[in-house]
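Chemist: The sequence and its predicted three-dimensional model are supplied below.
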Amino acid sequence: MIHMLTSLSELSHRKQHGPPLAVLTAYDYPTARLLDEAGVDLILVGDSLGMVVLGLADTTGVTMEMMLHHTTAVRRGVKRAPIIADLPFHSYETPEQALENARRLMDAGADAVKLEGGITFIPQVKAIIESGIPFVGHIGMLPQSVREEGGYKKKGKTPEQIDCLIADALALDEAGAVAIVLESIVPEVSSRITRLTKASTIGIGAGKNTDGQVLVTPDLIGSFPWFRPPFAKARANVAGETLRAVQEYVEECRMAKAE
Ligand code: KIV
């Protein structure tokens, strides 16, 4: 039985009947094409591209132009899986700006857009959803707030944080989000959110009881060896294979003239 998602409209059926969603990030044509062919349910053009592709310290330096450039490349590689594209830092400060930039991402080939935040951003979220653009929320640890927060911190450890997370999730759900990414949240809190929402929850570092899981693909395939979060299991060693192949090639080039 084939379970691969082909449209965002299948999300609510999947939430009720399973199996859980398998979601990965892509930033370029070959990776996107391979993920699509491998059966990934949803492909996220995440602003994590700033770190794992562009070598920035965090996601706050990612611009709309970068997101558009990479979304266009991913679109070319994907035939089936719905594509979600991130609205980068400072690209959704007002409802008007959020809507304008969401439309640009959709024109570049996204099927849905995502932004980081809950209740504070409901006017932006409503502007996007009311225009007919499918929307994905993102709560918990928010990488775009890393500088304000002074680091990447797990969420849902105190009663106040739990109340805020639940209120954010319910507000996004009520506004009509099709899915909500739960990042770095205490597992009991993410399972509670999953039970309370109609939207599909997609966890990353948030335990197993969500409607799906997302990983940053370079963490999964081991192509960014300089940092990998503890919850992400590398299932390949692309960095190691690249080093081996390149060193072998360098060696062979140097030997060629001597023969
Ligand atoms: O940018 C990204 O890759 C993300 C995931 C971590 C969910 O938002």
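Modeler: Received it, and whenever you're ready, just let me know what you need. Residues are numbered from 1 along each chain as shown.

Chemist: wait, doesn't Arg104 sit right on His69?
Modeler: No: with contacts defined as Cβ atoms under 8 Å, Arg104 does not count as touching His69, sitting 11.5 Å away. (C-beta placed from N, C-alpha, C; glycine too.)

Chemist: ok, these two, which is more surrounded?
Modeler: The residue with the greater number of neighbours, taking Arg104 and His69 and applying other Cβ atoms under 10 Å, is Arg104; the counts read 19 against 14.

Chemist: any idea which element the more buried one lies in?
Modeler: Per DSSP states H and E, Arg104 falls inside helix 95-107.

Chemist: Give me the contact status of that helix with the ligand.
Modeler: No: contact between helix 95-107 and the ligand, assessed by Cβ under 6 Å from any ligand atom, is absent, since the two come no nearer than 13.3 Å.

Chemist: Following that helix in sequence, what is the next regular element?
Modeler: Downstream of helix 95-107 (by DSSP H and E), the next one is strand 112-114.

Chemist: what sits up against the following helix or strand past that following strand?
Modeler: Stepping forward along the backbone from strand 112-114, the first helix or strand reached (DSSP H and E) is helix 122-130. Taking contacts as Cβ atoms under 8 Å, 6 or more residues apart in numbering, the residues outside helix 122-130 that touch it are 92, 94-96, 98-99, 102, 113, 115, 135, 137, 171-172, 175-177.

Chemist: quick one: helix 122-130 to chain centroid distance?
Modeler: On the basis of Cα atoms, centre = their mean, to the nearest Å, helix 122-130 sits 19 Å off its chain's mean C-alpha point.

Chemist: Flag every buried residue along that helix.
Modeler: Along helix 122-130, these residues count as buried under the neighbour rule (16 or more other Cβ atoms under 10 Å): Ile122, Gln124, Val125, Lys126, Ala127, Ile128, Ile129.

Chemist: for the ligand, what are the nearby residues on the stretch 101-250 of the chain?
Modeler: Contact residues of the stretch 101-250 of the chain with respect to the ligand, defined by Cβ under 6 Å from any ligand atom, are listed as His138, Val181, Glu183, Ile204, Val214, Val216.

Chemist: average pLDDT for stretch 163-183?
Modeler: Across stretch 163-183, the average pLDDT comes to 98.

Chemist: Also stretch 55-71?
Modeler: 97.

Chemist: show me where pLDDT drops low in the stretch 1-150 of the chain?
Modeler: 1-2 (pLDDT under 70).

Chemist: any low-confidence regions in the stretch 151-259 of the chain?
Modeler: Within the stretch 151-259 of the chain, the ranges that satisfy pLDDT under 70 run 258-259.

Chemist: which residue ranges form the helices in it?
Modeler: For the stretch 151-259 of the chain, applying DSSP state H, counting those that start in this stretch gives helices covering 159-175, 187-196, 217-221, 238-256.

Chemist: So which bits of the helix holding Arg104 are buried?
Modeler: Using 16+ other Cβ under 10 Å as the burial criterion, the residues of helix 95-107 that qualify are Pro95, Gln97, Ala98, Leu99, Asn101, Ala102, Arg104, Leu105, Met106.

Chemist: Only alpha carbons, please: show it as CSV.
Modeler: Taking only C-alpha atoms (Å, rounded to 0.1, in the frame of the first residue of the first chain), the coordinates of helix 95-107 have been written out as CSV:
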residue,chain,number,x,y,z
PRO,A,95,-0.1,41.3,7.6
GLU,A,96,0.4,43.1,4.2
GLN,A,97,4.1,42.3,4.1
ALA,A,98,3.4,38.7,5.1
LEU,A,99,0.8,38.3,2.3
GLU,A,100,2.9,39.9,-0.3
ASN,A,101,5.9,37.6,0.5
ALA,A,102,3.7,34.5,0.8
ARG,A,103,2.5,35.2,-2.7
ARG,A,104,6.0,35.6,-4.0
LEU,A,105,6.9,32.2,-2.5
MET,A,106,3.8,30.6,-4.1
ASP,A,107,4.8,32.2,-7.4
